[in-house]
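Trainee: After the sequence you'll find the predicted model.
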Amino acid sequence: MKSIKQRLASEITEKIGAEVSVKDIERPEPEHGDFAYPVMKAASELGENPRGLAEEVSGELEDMDFVEKVDVAGPGYLNFHLDSDFFAQEVFDTVESEKFGFQDKDDKILVEFSCPNLAKPMHIGHLRNNCLGDSLQRIMRFVGYDVTSENYIGDWGTKHGQVIYAFKKWGSREEFDENPMEHMYKLYVRLHDEADEEDKEKAREWSKKIEDGDEEAVELWKMFREATIEYNKEDYERMDIEFDRWTGESVVAEEAQEIIEEGLEKGIFERDNDGSVYVEFEDEKYPSTIVKRSDGSTLYLSRDIANIRKREREGFDQNLYIVANEQNLHFQQLFEIAEEFGIDLPSEHVSYGMLHLEEGSMSSSKGNIIKLDDVIDKAVEKASEIEGRSVGNSEAVGLGAVKYANLSVSRSKDIEFSWDEVLTFEGDSGPYLQYSNTRAKSILRKASEDGEVKGEFTEEEYRLLRKISEVPEKIENAAEEREPAKVANYLSALCEEFNSFYHSSPVLDADEEDMLRRLKLVEAFVDVTDTGLDLLGIEALEEM
């Protein structure tokens, strides 16, 4: 409740004589109050005893019209107990307002995620990226940013020459037409397994031919590109992921060549004896790296420099890359070079930990992958029967399980992929959130009237009200920290609170006054969980 926090911060600032911000106002454990302020920092600045200062101002702070009482606890905490009717009205007004009161912002944000390569199916390693990127674009848009999500596909470079060469050597147009992705990927793996130095050189030649505009090379490249995009669109549609635009490295390939020449002129890049171009970083801040090969072809880094300049021209205010932390060095080098070029677009690498298979490492070139659509298929199969019961909406439930498993873990941490853990349907899981949401909706369907605040809140009711009240700040924190886990973990805690309330506080069988008050809480819970699930990309169901 930002408005309450703002009023508390303003009043404490006046009474205590030191600046207090909204972020200084905390949420204590429910038994200690609704909000809290630790006086210790301000007391240190003022040269005062924290406990003594808290006791000195507590009485004055109780004079605020919406504060019932103020307790002093520990070394110097001010715990605020609000008037319950006032607090409830603030909570319900916020939950019932459009986007929980978030206002539109002027900033235009580019969110880049997914970015699969040509001729290879998306695999389980793409799963976390897709889930994080989609959730972040939803969250950033919800809090008011003008968001453009972009799928910047890996459609340029050496690997695409490899696929063309493999197709020319072993490929079959008939097999390609029958199953494009299976055939392309089989050729890619075969080349990796069987290629000698001559094969590798010929593959590099085909890559250069694409850059040089060779008619046959470009025709085959376009054929593979289109087939890959069409294949991946089925996975995106199934996962309910949409992009505002599809681009790729090929879009900036020509500009990347111009970047090389400009970098040489400005002394940012240097030419090596073999004709390649590289960059040395001042004081050896980062390892030197090549931006153009001796054969004249550009690299991923040089194309990224061109792309970040393109986005600056397009007027974006922030540029977010959702990419695993194994690419940390790449983005450090990219941002450093962009600064050298005078590119003034605030850019951020939103990194995340790797996803590991229990049975060992995964390599697309070796064919050791679990395809993304196989993951979804298995999740749906598992969802079709939970605890011996037939479950409808198994597609939505299975996807909910997989998405939550990826989003509920802080993105800085690695995930050890386990079918049993990812596809569990008990406790802290996507289906648990969906089921809690449908349980609340079933109450509302049976109710003959709308909820209304009447009478006094019981302890169980007020605990649920407090937890519901946290939703705007949890979403705001998720946006600021680029961390969907803030929303996922909040929803899990909220559902636990709701289920405790559900078992201790009958709704439809209660007296009229209690029933109306509890219905109001259930309505708010449904609004919050409907929204929260949508921000995670998980479908909120009507029945399970």
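Mentor: That came in fine, so what should we check first? Numbers count the residues shown, from 1 in each chain.
Trainee: Excluding chain neighbours, what is closest to V163?
Mentor: Taking C-beta to C-beta, 6 or more residues apart in numbering, and ignoring the residues beside it in sequence, V163 has A119 as its nearest neighbour in space, at 4.4 Å. From N, CA and C alone the C-beta is placed, and that goes for glycine too.
Trainee: Give me the local confidence score for the one you found.
Mentor: Listed pLDDT for A119 reads 89.
Trainee: With E426 instead?
Mentor: On pLDDT, E426 comes in at 68.
Trainee: before we move on, what about D71?
Mentor: D71 is assigned 95 on the pLDDT scale.
Trainee: heads up, I number from 605, so please use that
Mentor: Fine by me, first position is 605 from now on; the one you just mentioned is D675.
Trainee: Across the sheet, point out what pairs with the residue lying closest to it once chain neighbours are set aside.
Mentor: What sits nearest to D675 in space, not counting adjacent residues and going by C-beta to C-beta, 6+ apart, is N683, at 4.3 Å. When bridges are taken as DSSP bridges, the partners of N683 come out as A640, D675.
Trainee: Just the CA trace of the helix or strand hosting I1072, in PDB.
Mentor: Using DSSP states H and E, the secondary-structure element containing I1072 is helix 1063-1073. As requested, the backbone C-alpha atoms of helix 1063-1073 are provided in PDB (Å, rounded to 0.1, in the frame of the first residue of the first chain):
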ATOM      1  CA  GLU A1063      -7.500 -12.900  13.200                       C
ATOM      2  CA  GLU A1064      -7.600 -15.400  10.300                       C
ATOM      3  CA  GLU A1065      -9.400 -12.900   8.100                       C
ATOM      4  CA  TYR A1066      -7.100 -10.100   8.900                       C
ATOM      5  CA  ARG A1067      -4.000 -12.200   8.200                       C
ATOM      6  CA  LEU A1068      -5.400 -12.900   4.700                       C
ATOM      7  CA  LEU A1069      -6.200  -9.200   4.200                       C
ATOM      8  CA  ARG A1070      -2.600  -8.200   5.100                       C
ATOM      9  CA  LYS A1071      -1.200 -10.800   2.700                       C
ATOM     10  CA  ILE A1072      -3.500  -9.500  -0.100                       C
ATOM     11  CA  SER A1073      -2.400  -6.000   0.600                       C
END
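Trainee: gap between that helix and the chain center?
Mentor: Average the C-alpha atoms of helix 1063-1073, do the same for its chain, and the two points are 27 Å apart (C-alpha atoms, centre = their mean, to the nearest Å).
Trainee: can you give me the strands in the stretch 655-804 of the chain?
Mentor: Read by DSSP state E, counting those that start in this stretch, the stretch 655-804 of the chain holds these strands, from start to end of the chain: 671-677, 681-686, 712-716, 750-757.
Trainee: What of the stretch 805-954 of the chain?
Mentor: Remark: strands of the stretch 805-954 of the chain, listed N- to C-terminal, are 849-852, 874-875, 881-883, 893-896, 922-926, 951-954; assignment by DSSP E, counting those that start in this stretch.
Trainee: Now do the same contact list for the residue nearest to V767.
Mentor: The neighbours of A723, taking C-beta atoms under 8 Å, 6 or more residues apart in numbering as the test, are 763-764, 767, 785, 788-789, 791-792, 828, 832.
Trainee: Buried by neighbour count, from the residues you listed: which ones?
Mentor: Applying 16 or more other C-beta atoms under 10 Å to those, the neighbour count classes 763-764, 767, 785, 788-789, 791-792, 828, 832 as buried.
Trainee: possible to save those as JSON lines with pLDDT?
Mentor: Compiled in JSON lines, the buried ones among the contacts of A723 are given as follows (pLDDT from 0 to 100):
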{"residue": "K763", "pLDDT": "83"}
{"residue": "H764", "pLDDT": "87"}
{"residue": "V767", "pLDDT": "91"}
{"residue": "M785", "pLDDT": "94"}
{"residue": "M788", "pLDDT": "93"}
{"residue": "Y789", "pLDDT": "92"}
{"residue": "L791", "pLDDT": "93"}
{"residue": "Y792", "pLDDT": "88"}
{"residue": "F828", "pLDDT": "95"}
{"residue": "T832", "pLDDT": "95"}
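Trainee: Could you single out the nearest of these to E809?
Mentor: H764 (12.4 Å; C-beta to C-beta).
Trainee: quick one: that closest one and M827 touch, right?
Mentor: No: H764 is beyond contact range of M827, at 11.3 Å (criterion: C-beta atoms under 8 Å).
Trainee: For the residue nearest the centre of the chain, list the residues it contacts.
Mentor: Taking C-alpha atoms, centre = their mean, the centroid of the chain lies closest to L736, which sits 3.1 Å from it. Counting by C-beta under 8 Å, 6+ apart, L736 touches 717, 926, 954, 956, 1010-1011, 1015, 1088.
Trainee: My guess is L1139 contacts K1090. True?
Mentor: No: the pair L1139 and K1090 does not pass the contact test of C-beta under 8 Å, sitting 10.2 Å apart.
Trainee: More neighbours: which of these two?
Mentor: L1139 (25 against 21; other C-beta atoms under 10 Å).
Trainee: What lies in contact with stretch 684-698?
Mentor: Residues external to stretch 684-698 that are found in contact with it (C-beta under 8 Å, 6+ apart): 605, 607-608, 612, 637-641, 665, 669-675, 704-705, 1057, 1060-1061, 1066, 1069, 1072-1073, 1075-1076, 1124, 1128.
Trainee: Return a ChimeraX selection command for the buried portion of those.
Mentor: A single ChimeraX command is used to select the members of the contacts of stretch 684-698 judged buried by 16+ other C-beta under 10 Å:
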select :605,608,612,637,638,639,640,641,665,670,671,674,675,704,1057,1061,1066,1069,1072,1073,1075,1076,1124,1128
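Trainee: Next, count neighbours for the residue nearest to A647 when sequence neighbours are not counted.
Mentor: Counting by C-beta to C-beta, 6+ apart, the nearest residue to A647 once its immediate chain neighbours are dropped is P654, at 4.0 Å. P654 sits with 20 neighbouring residues when counted by other C-beta under 10 Å.
Trainee: swap in D800?
Mentor: 7.
Trainee: shared neighbours of L1139 and K1090, which are they?
Mentor: Taking C-beta under 8 Å, 6+ apart as the contact definition, L1139 and K1090 share the neighbouring residues 1079, 1082.
Trainee: rewinding a little: from the contacts of L736, which land in helices?
Mentor: 1010-1011 (DSSP state H).
Trainee: Could you double-check that A1009 sits in contact with D1032?
Mentor: No: proximity of A1009 to D1032 does not meet the contact threshold set by C-beta under 8 Å, at 9.5 Å.
Trainee: So the two - more neighbours on which side?
Mentor: In this view A1009 and D1032 are compared by other C-beta under 10 Å, and A1009 has more residues nearby, 24 against 16.
Trainee: mind showing which ranges of the stretch 905-1054 of the chain have poor pLDDT?
Mentor: By pLDDT under 70, the weakly predicted segments of the stretch 905-1054 of the chain are 961-972, 990-996, 1023, 1025-1030.
Trainee: now the helices for it?
Mentor: If DSSP state H, counting those that start in this stretch is used as the criterion, the helices of the stretch 905-1054 of the chain fall at 932-944, 976-987, 998-1011, 1023-1026, 1034-1050.
Trainee: Tell me which of the ones you listed sits nearest to D781.
Mentor: With distances scored as C-beta to C-beta, the stretch of these nearest to D781 is helix 976-987 (20.1 Å).
Trainee: Give the buried residues for the closest one.
Mentor: Of all the residues in helix 976-987, those buried under the rule 16+ other C-beta under 10 Å are 976-977, 979-980, 982-984, 986-987.
Trainee: Turn those residues into TSV, columns for distance to W850.
Mentor: Compiled in TSV, the buried residues of helix 976-987 are given as follows (distance: C-beta to C-beta, whole Å):
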residue	distance to W850
L976	17
D977	19
V979	23
I980	21
K982	28
A983	26
V984	26
K986	32
A987	30
